[in-house]
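[1] Quick one: sequence and predicted model below, then my questions.
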Amino acid sequence: MGLHRDRVTVKRTEEKPNESNESSTRYQGGNEMSELKKEDLLKAYRIMKEIREFEERVHVEFATGKIPGFVHLYAGEEAVATGVCLHLSDEDRISSTHRGHGHCIAKGVDIIGMMAEIFGKSTGTGGGKGGSMHIADLDKGMLGANGIVGAGGPLICGAALAAKFKGTNGVGVVFFGDGASNQGTILESMNLANMWNLPVIFLAENNGYAESTGVKYNVPTPNIADRAAGFGMPGVTVDGNDLFAVYEAAGEAIRRAREGGGPTLLECKTNRFYGHFEGDAMTYKAPGEVKRQREECDCLKIFTAKATAAGLVTAAELEAIDKEVAALIDEAVAKALAAPNPTEADLLTNVYVSY
Amino acid sequence: MSRKISFKDAINEALSQEMERDNSVIVMGLDNAGGRGTEGKQDAWGGVLGVTKGLYGKYGERVMDTPISESAYIGSAVGAAACGMRPVVEMMFADFFGVCFDQFMNQAAKFRYMFGGKAVTPVVMRTCYGGGFRAAAQHSQVLYNVFAHIPGLKVVVPSTPYDAKGLLIQCIRDNDPVIFMEHKVLYAMKGEVPEESYAIPFGQANVVREGKDVTIVAIGWMVHKALAAAATLAKAGIEAEVIDPRTVSPIDYDTIMKSVQKTGRLVVVDECTPRCSMASDISAKVAQDIFPSLKAPIQMVTAPHTPSPFNGALEDLYIPSPAKIEAAVRSIL
């Protein structure tokens, strides 16, 4: 099997007959069609806003010294996790990275539990024993944030293999960064997934930096997606700050995977507003770079402008969501601060199933 | 009613019986069938040393040959296990675990703990280990000591065909990640193995030979070296108690302690190289917990701190021998 194609941008999807009543709304941007009803648009905004507010708050709380260890913030990349996960159900699995809060929230992991975990409390998703880099919810198909760069590739190949054996029609999405794109695990996984025709989406989140090193120093081709043909799969590159572009491209890749068409390498070009880790002074960024990105490349601003200009949502509806999200994040922090620490006995538990 | 079959066939039988019983058991690895993607015979190898022969013919696509990508395919087995399958994935030689440590050390072993008890990762990683084949430094290592070090993993080292079948069946049914270590020299060894399916629990040492004068703890192939030494010592009226832990993680320290409390003397025979070996692990634990029971210093008989040599005579010096075990026993009597 050789599926050699030139790198393409999003393929035009078939226009589906509108079987529901005329009040369903379609977003039309550029040459692409995207079928997002109003409830989906508001959901998309809510998820992105939850991620943004969660990360901005973790930034503040981390600076007070109450959060142990390391955190790696996803602020600026929200459209990527959201645009992909809108297509997924609990049957579908994702693997994440050290910068995993956004993927967790987009996949439906409980925000209260997440914040408690980041604070190391016993009410956290991992009982306080995993922390920021290891938040998971297997019931929701979230195979975990991961402290090892590139580790998610093989894990998702396994999840996709399980889906094939069990006939669930589920897909697996492996989120990885420009830094991880050179890990052996990712390259091996691309080969394996194509060889076995696994329903996997390789989701490269190219935010331009692998820790403090620019992507130009790590990846010799203009796009990570340029590698796709070498593995026998389609490669697609989109503007990762445009939720609609991500949603469209992810939908295509996911549809292809579900229908047995095999893997896709989907690269989303985006930006992270914060450092590699909290405490990173970001001296490797150009002066004014983050300021410019927050003004011109903020996926929330881009979404709001597009959706309100097209009359699909109102500013008031979005502001209502803003208020609810703010309250939710406040609640999460308050509960995290008040929650108990794990006990001394908890140190020794859950090493094995059997003891 | 049992018949004698080889260690290799006992493993094959365990795999086949479990695959028959449970559809979620799949087999993965390099050339576990062999011949895939070629014009020639299918099931051409059945594994590099023939251990999985015949499974592809019986179970078809549940026997998955993989590209040479250990990180990807061991990791896939881990991911599939976390998502409800029960993969038995082969690492062709234990030495090759070096290519993919992360997938079992940082991923499989740690999910349950990091995720607050909510992960179940029933993956079995089977591999062949040890010297005696003149396979040289990169194909002869032992390494069960390295794996035993990692919390969250279980490590199983059978010494007989009977133990191999029963322990592998237990591995497959166990809900934790397990590394099942098959000594390459033992593959040809024959022993009595029941036809029916049976499981041997982990953490239960086998007192292979009773004796009152010295306790010899030995692992894997070394059990047979220890028994040979014990036979020689018996002629001189020295009765050795030989203990086979069968699993090094979890390990049955209790049986070892009880024996040393009886005999007062301990020799540990470990094919590992000496630094941080199972020998040092067992010796330190015994010395710490039941020091007053010891009538003499503990002796460790191990390989030297070198890579495995290729030359046959050198390799024979490298691997602990019955003569060296006997000498160690005599040195503390």
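    Received, thanks.

[2] going forward, measure contacts and count neighbours with C-alpha atoms only.
    Fine.

[3] does residue B:67 count as helix, strand or coil?
    Following DSSP: H, G, I helix; E, B strand; the rest coil, we place residue B:67 in the coil state.

[4] What is the distance between stretch A:41-52 and the centre of its chain?
    12 Å (Cα atoms, centre = their mean, to the nearest Å).

[5] wouldn't residue A:186 be in contact with residue A:154 here?
    Yes. Residue A:186 is within contact range of residue A:154, at 7.4 Å (criterion: Cα atoms under 8 Å).

[6] Look at those two and report which has more neighbours.
    Legend: neighbour count by other Cα atoms under 10 Å in any protein chain shown for residue A:186 and residue A:154, higher for residue A:154 (33 against 23).

[7] export the helix or strand harbouring that one as CSV, just CAs?
    Under the criterion of DSSP states H and E, residue A:154 resides in helix A:152-166. Listed next in CSV are the C-alpha coordinates belonging to helix A:152-166 (Å, rounded to 0.1, in the frame of the first residue of the first chain):
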residue,chain,number,x,y,z
GLY,A,152,2.0,8.7,23.6
GLY,A,153,2.6,7.4,20.1
PRO,A,154,3.0,3.7,20.9
LEU,A,155,0.3,3.9,23.6
ILE,A,156,-2.3,5.2,21.1
CYS,A,157,-1.3,2.6,18.5
GLY,A,158,-2.2,0.1,21.2
ALA,A,159,-5.5,1.9,21.9
ALA,A,160,-6.3,1.9,18.2
LEU,A,161,-5.3,-1.8,18.0
ALA,A,162,-7.7,-2.6,20.9
ALA,A,163,-10.5,-0.6,19.1
LYS,A,164,-10.0,-2.7,16.0
PHE,A,165,-10.0,-6.0,17.9
LYS,A,166,-13.1,-5.0,19.8
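
[8] circling back to that earlier point, so for residue A:186 and residue A:154, which residues contact both of them?
    In terms of Cα atoms under 8 Å, 6 or more residues apart in numbering or on different chains, residue A:186 and residue A:154 are both contacted by the residues residue B:72.

[9] From residue A:172, how far off is residue A:160?
    Using Cα to Cα, to the nearest Å, residue A:160 is found at 5 Å from residue A:172.

[10] shared neighbours, these two?
    Here residue A:160 and residue A:172 share the contacting residues A:93, A:199-200, scored by Cα under 8 Å, 6+ apart.

[11] which of these lies closest to residue B:172?
    Nearest to residue B:172 out of these is residue A:93 (Cα to Cα; 24.1 Å).

[12] quick one, phi/psi of the residue nearest to the closest one when sequence neighbours are not counted?
    Nearest residue to residue A:93, sequence neighbours excluded (Cα to Cα, 6 or more residues apart in numbering or on different chains): residue A:141, at 4.3 Å. Main-chain torsions, residue A:141, degrees, to the nearest 10: phi 70, psi 20.

[13] Against residue A:133, how distant is residue A:141?
    In this view, residue A:141 and residue A:133 are 17 Å apart by Cα to Cα.

[14] Same question for residue B:83.
    20 Å.

[15] what does residue A:200 give?
    23 Å.

[16] ok, back up a step: next step: the shared contacts of residue A:160 and residue A:172 restricted to strands.
    Using DSSP state E, the subset of the shared contacts of residue A:160 and residue A:172 located in strands is A:93, A:200.

[17] mind putting the shared contacts of residue A:160 and residue A:172 in CSV, neighbour count included?
    Shown next, in CSV, are the shared contacts of residue A:160 and residue A:172 (neighbours: other Cα atoms under 10 Å in any protein chain shown):
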residue, neighbour count
A:93, 28
A:199, 33
A:200, 34
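
[18] Tell me where the stretch 1-150 of chain A is predicted with low confidence.
    Low-confidence regions of the stretch 1-150 of chain A, defined by pLDDT under 70, span residues A:1-34.

[19] typo on my end, the stretch 151-300 of chain B
    Going by pLDDT under 70, which is the cut-off in play, the stretch 151-300 of chain B has no low-confidence ranges.

[20] Around the closest residue to chain A within it, count how many other residues there are.
    Relative to chain A, the nearest point of the stretch 151-300 of chain B is residue B:152 (5.1 Å; Cα to the nearest Cα). Number of residues near residue B:152 (other Cα under 10 Å) recorded here: 25.

[21] likewise residue B:207?
    If you count neighbours by other Cα under 10 Å, residue B:207 ends up with 18.

[22] I'd assumed it was in a strand, is it?
    Yes. Checked against three-state DSSP, residue B:207 lies within a strand.

[23] for the nearest residue to residue A:322 once chain neighbours are set aside, what are its contacts?
    Closest residue in space to residue A:322, ignoring its immediate chain neighbours: residue A:49 at 7.1 Å, by Cα to Cα, 6+ apart. Neighbour list for residue A:49: A:300, A:322, A:325 [criterion: Cα under 8 Å, 6+ apart].

[24] Which of the residues you listed ranks first by neighbour count?
    Most neighbours among the contacts of residue A:49, by other Cα under 10 Å: residue A:300, with 23 neighbours.

[25] And it, how close does it get to chain B?
    Residue A:300 sits 31 Å away from chain B, going by Cα to the nearest Cα, to the nearest Å.

[26] Give me the three-state assignment for that residue.
    Secondary structure, three-state DSSP: residue A:300 is helix.

[27] Next: the one 5 residues further on.
    Of the three states, residue A:305 takes helix according to three-state DSSP.

[28] re the thing from before, out of the shared contacts of residue A:160 and residue A:172, which is nearest to chain B?
    Nearest to chain B, judged by Cα to the nearest Cα, of the shared contacts of residue A:160 and residue A:172 is residue A:93 at 9.0 Å.

[29] Up against chain A, what does chain B have?
    Contact residues (Cα under 8 Å from any Cα of the partner chain) of chain B with chain A: B:66-67, B:69, B:71-85, B:102-103, B:106-107, B:110, B:112-120, B:151-153, B:175-176.

[30] Of those, just the buried ones, PyMOL syntax please.
    Only the buried entries of those go into this PyMOL selection, using 16 or more other Cα atoms under 10 Å in any protein chain shown:
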select buried, chain B and resi 66+69+71+72+73+74+75+76+77+78+79+80+81+82+83+84+85+102+103+106+107+110+112+113+114+115+116+117+118+119+120+152+153+175+176
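
[31] Show me the residues of chain B next to chain A that map onto helices.
    B:71-82, B:102, B:112-114 (DSSP state H).

[32] Could you measure from residue A:199 over to residue A:172?
    For residue A:199 relative to residue A:172 (Cα to Cα), the value is 6 Å.

[33] Please identify every residue contacting each of the two.
    Counting by Cα under 8 Å, 6+ apart, the shared contacts of residue A:199 and residue A:172 are residue A:160.

[34] Leaving out the residues flanking it, which one is nearest to the residue most central in space within chain A?
    The centroid of chain A falls nearest to residue A:81 when counting by Cα atoms, centre = their mean (2.6 Å). In this structure, residue A:81 finds its nearest non-sequential neighbour in residue A:103, 5.3 Å apart by Cα to Cα, 6+ apart.

[35] which secondary structure element contains the one you found?
    Under the criterion DSSP H and E, the helix or strand holding residue A:103 is helix A:101-106.

[36] For the helix or strand following that helix, C-alpha coordinates in CSV please.
    Counting by DSSP H and E, the next helix or strand C-terminal to helix A:101-106 is helix A:111-118. Provided in CSV are the C-alpha atoms of helix A:111-118 (Å, rounded to 0.1, in the frame of the first residue of the first chain):
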residue,chain,number,x,y,z
ILE,A,111,-11.8,20.3,36.2
ILE,A,112,-12.3,20.2,39.9
GLY,A,113,-10.3,16.9,40.1
MET,A,114,-7.7,18.3,37.8
MET,A,115,-7.0,21.3,39.9
ALA,A,116,-6.9,19.2,43.0
GLU,A,117,-4.4,16.9,41.4
ILE,A,118,-2.2,19.8,40.4
